[in-house]
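Peer 1: for reference, the sequence and a predicted model appear below.
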Amino acid sequence: MKSARIVRRRGDFPLSGESLTGILRAVLAKGKPLRFRARGLSMSPFIKDGDVVTVAPLEESPPRTGDVVAFLHPATGQAALHRVVRAGSGSYSLKGDNSSETDGALPPERILGLVTRVEREGRRVRLGSRGGAVIAKLSRSGALARAVDAARRAGLRKKRTP
């Protein structure tokens, strides 16, 4: 995740990825949710660069296939947001909706929290957080990334046509 911003009533507070990871872990450990402005394109189109997300602590029930979670990315060790595309056997397979590869099999301790709300321009984005089992299936198969890419190319062609 690129640098994020904690969203406050009086404006955003910019943070580096490392700082956000530390604050997110600390706030979730106290049982409180954290709202911040997400950065990056890996979850597009359901979570876009600049959307405001709320990450809540995991409750008694573990994340389900289709949920979007905050997790410690295996390559960077920093917080990232991706969708659970497969859950079970003591591990989770996560993938960005706009990514071609999964993040591998991750143990439960790498999952930090659950994305419970996504807002874009002050409005709630329903498919951005929970209940995306169909989206997870499309993402797992690669069909979602291909559809997003095709829609993006069609939009570019449409903009070029006078």
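Peer 2: Sure, I can see it. Every value quoted in this text rests on a predicted model; they were computed, and no experiment measured them.
Peer 1: give me the neighbour count for the residue lying closest to Gly132 once chain neighbours are set aside.
Peer 2: Nearest in space to Gly132, with sequence neighbours left out and distances taken as C-beta to C-beta, 6 or more residues apart in numbering, is Gly66 at 3.9 Å. To be clear about C-beta, it is placed using only N, CA and C from the backbone, and glycine gets the same treatment. Counted with other C-beta atoms under 10 Å, residues neighbouring Gly66 total 20.
Peer 1: for Gly113, same thing?
Peer 2: Gly113, neighbours per other C-beta under 10 Å, totals 23.
Peer 1: now the one 4 residues further on
Peer 2: Each residue near Arg117 was counted by other C-beta under 10 Å, and the total is 18.
Peer 1: for the helix or strand hosting it, give the mean pLDDT please.
Peer 2: When elements are assigned from DSSP states H and E, Arg117 belongs to strand 111-120. For strand 111-120, the mean per-residue pLDDT is 94.
Peer 1: next, the buried residues of it.
Peer 2: The neighbour-count check on strand 111-120 (16 or more other C-beta atoms under 10 Å) flags Ile111, Leu112, Gly113, Leu114, Val115, Arg117, Val118, Glu119 as buried.
Peer 1: which one of those residues is nearest to Leu15?
Peer 2: Nearest to Leu15 among the buried residues of strand 111-120, counting by C-beta to C-beta, is Leu112 at 15.0 Å.
Peer 1: perfect, that will be all.
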